[in-house]
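A.B. asks: Sequence and predicted structure are below.
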Amino acid sequence: MNMETTTQAIRPEAAASSTGPADCVIEAKHLDLTFETNDGPVHALKDVSLEINKGDFVSFIGPSGCGKTTFLRCIAALETPTGGSLSVNGMTPDEARRNRAYGYVFQAAGLYPWRTIAKNIKLPLEIMGYSKAEQEKRVQQVLELVELSGFGGKFPWQLSGGMQQRASIARALAFDADILLMDEPFGALDEIVRDHLNEQLLKLWARTNKTIGFVTHSIPEAVYLSTKIVVMSPRPGRIHDVIDSTLPKERPLDIRDSPEFIEIAHRVREGLRAGHADD
Amino acid sequence: MKSLVAVLSVLAAIIAFWYAACVPMNIKGVLDAAERAGAEVTPATPKARRDMSEVGLVATNTFAIGDTWVQERPRLPAPHQVAVELWKTTVEKKITSKRSLIYHAQVTLSATLLGFAIGTGLGILLAVGIVHSRVMDMSVMPWAIVSQTIPIIALAPMIIVVLYSIGVQGIIPKAVISAYLSFFPVVVGMVKGLRAPDSMQLDLLKTYSASTSQGFWKLRLPSSMPYLFASLKIGIAASLVGAIVGELPTGAVAGLGARLLAGSYYGQTVQIWSALFAAAILAAALVALLGLIEKLVLNRMGVRA
């Protein structure tokens, strides 16, 4: 797909300055992040080390306060770690951000109510200075990708919550970032819509070959989607377990009833329980 | 339909109260005139009547009630007197006439609009500065608030004198006073509006590594529109007050303020009240016009009706 070819054109230094192993996209070593609050320091992240390879679908799961969102925000350079090292595409997170290395999907769709869906998707493209023709082309492309073709002219309030979230994913896909960071994107949606969106997300991941970091509360969601599941535990926020999924890349919804799926889910649940037990 | 009945009931109640209030307010004048005309009045002399309550006078001289609504120079003119005066000085007078309220309104309106434009422009500029600079936030905002605690009636003559001494007169001093009153609601509203985007929306722009100016044009400014219009509606009414106040200390010969002043010099209460109503109608029309523009703009921005 031509999205891939333009990637290289826009970020030549990304490829050039890459030092780690060729397929390691995100590398965290002994990452610490301490927030100073009025009640004393809060250890949001402690000694977090993780490698994420190109094309991985990595889920971060854990109870509130385990630092999963904070870690994602560190990758996105929306938070600054207080210790350890973190590289994204071989750069510091802030350089990666300025090189537009990733698309970020928030828990709420956060579409601008005064822009149509198509204009919302154009927002990053306008900011990044794409030509008008290119903007049009990409909007059509990503609308199709999230199955919203024909809705470009609608305003956000005319769409359901699930459709709005799909539009926000489309917005994050519109420019050539090969990392997609998603912070509980389906958290506010009901179970049925969620299943459907999970299925679509997997298809989209297969088609675009992006590296995805995905924060979730839901065990089935994490197991169904991921190639790698990072189980985190709170106080201080740290990685408890990293599970490499043995499920095949092709995953119909009913794979969730297979013994393999249930076994992985069991291990995640055990990890979450153990993480809680040791405080 | 139901609300129309309610609205008309309230209006009728106000008018009824007004007519009722005219009776005690005007009764002494009416009785003095009646006595001079040779009518039987109780008590018979102005001196005796002076110490009586108005309500008591009405009770002992019920024949005079009708006359309290048709006096030439009443203390409180009746609604129809004001309405007739308004009609005579608008529809029945040429616009160029010095007695036409439309002529006077237009003089005040031009100062109002100029002042409103200056005030709004200044208000938006200050708000942009305040939102983007901590130093401005801390240094400008307190002064903007303090500026509004000084009564404009005290400040207006000084503004006019100072501007006159440097050779500025005519419409400009009035517009400056207008602007002084109207910039404040715009500053407050726009600061609030430009800060309306939540941290998630600001983070989103950060992930695009958008510049500050891109953030302003694409997020902050559109987010502030509803706040801006609310402020503009307050601002335009304040502008009109400013322009009228600006006409008072100069002894201006034209404008609604001049009309008010002339009315009070010559005891022309009907003229005062009709000028007041003209100002109120003008303000209502300006606010309504802004409401219409707001609707068009927000509609274009896709806001649900």
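C.D. replies: Arrived safely. Numbers count the residues shown, from 1 in each chain, chains lettered A, B, ... in the order given.
A.B. asks: Grab the CA positions of stretch A:244-253 and hand them over as PDB.
C.D. replies: Output in PDB follows, covering the C-alpha atoms of stretch A:244-253 (Å, rounded to 0.1, in the frame of the first residue of the first chain):
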ATOM      1  CA  ASP A 244       3.300 -14.200  24.400                       C
ATOM      2  CA  SER A 245       0.100 -15.300  22.800                       C
ATOM      3  CA  THR A 246       0.100 -18.700  21.000                       C
ATOM      4  CA  LEU A 247      -3.100 -17.900  19.200                       C
ATOM      5  CA  PRO A 248      -2.900 -17.800  15.400                       C
ATOM      6  CA  LYS A 249      -3.000 -14.400  13.600                       C
ATOM      7  CA  GLU A 250      -6.300 -15.300  12.000                       C
ATOM      8  CA  ARG A 251      -8.900 -15.000  14.900                       C
ATOM      9  CA  PRO A 252     -12.600 -15.400  14.400                       C
ATOM     10  CA  LEU A 253     -14.700 -14.300  17.300                       C
END
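A.B. asks: Which strand or helix spans the residue sitting nearest the centre point of chain A?
C.D. replies: Chain A has A:Leu181 as the residue nearest its centroid, 2.3 Å off, counting by CA atoms, centre = their mean. Using DSSP states H and E, A:Leu181 falls within strand A:179-183.
A.B. asks: same check, this time on A:Gly84
C.D. replies: strand A:83-88.
A.B. asks: Convert the C-alpha atoms of stretch A:169-177 to CSV, please.
C.D. replies: Taking Å, rounded to 0.1, in the frame of the first residue of the first chain, the C-alpha atoms of stretch A:169-177 are listed here in CSV:
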residue,chain,number,x,y,z
ILE,A,169,-9.3,5.5,14.9
ALA,A,170,-9.5,6.6,11.3
ARG,A,171,-8.2,10.0,12.3
ALA,A,172,-5.2,8.3,14.0
LEU,A,173,-4.6,6.2,10.8
ALA,A,174,-4.8,9.0,8.3
PHE,A,175,-1.2,10.0,8.5
ASP,A,176,1.8,7.7,8.1
ALA,A,177,2.5,6.6,11.6
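A.B. asks: Contacts for it, please.
C.D. replies: A:3-4, A:6-7, A:10-11, A:100-105, A:111, A:120-125, A:128, A:130, A:138-139, A:142-143, A:145-146, A:148, A:180, A:182, A:185, A:201, A:204, A:208, A:210, B:208 (CB atoms under 8 Å, 6 or more residues apart in numbering or on different chains). C-betas here are computed from N, CA, C, even on glycine.
A.B. asks: how about the helices in chain B?
C.D. replies: Ranges of helices within chain B are B:2-36, B:46-50, B:54-60, B:79-90, B:101-132, B:134-147, B:152-165, B:171-194, B:199-207, B:212-215, B:221-247, B:256-265, B:269-300, based on DSSP state H.
A.B. asks: if we can go back for a sec, same for the strand holding A:Gly84, what does it pack against?
C.D. replies: Here strand A:83-88 touches strand A:24-37, strand A:40-53, helix A:68-75, helix A:93-98, going by 3 or more CB pairs under 8 Å, 6 or more residues apart in numbering or on different chains; DSSP states H and E.
A.B. asks: What average pLDDT does it get?
C.D. replies: Across strand A:83-88, the average pLDDT comes to 91.
A.B. asks: can you check stretch B:94-103 too?
C.D. replies: The average pLDDT within stretch B:94-103 is 86.
A.B. asks: which parts of it are buried?
C.D. replies: By 16 or more other CB atoms under 10 Å in any protein chain shown, the buried positions in stretch B:94-103 come out as B:100-103.
A.B. asks: overlap between the residues you listed and the residues near chain A?
C.D. replies: Among the buried residues of stretch B:94-103, not one lies near chain A by CB under 8 Å from any CB of the partner chain.
A.B. asks: farthest pair in those?
C.D. replies: Greatest spacing in these, by CB to CB: B:Leu101 and B:Tyr103 (7.2 Å).
A.B. asks: Just list the residues touching residue 155, thanks.
C.D. replies: Answering for chain A, as no chain was given. Counted by CB under 8 Å, 6+ apart, A:Phe155 has contacts A:113, A:115-117, B:302.
A.B. asks: meant chain B, my bad for not saying
C.D. replies: By CB under 8 Å, 6+ apart, the residues touching B:Leu155 are B:177, B:180.
A.B. asks: Next one: it relative to A:Glu27, how far apart?
C.D. replies: Distance of B:Leu155 to A:Glu27, given as CB to CB, to the nearest Å: 65 Å.
A.B. asks: Alright, calling it a day.
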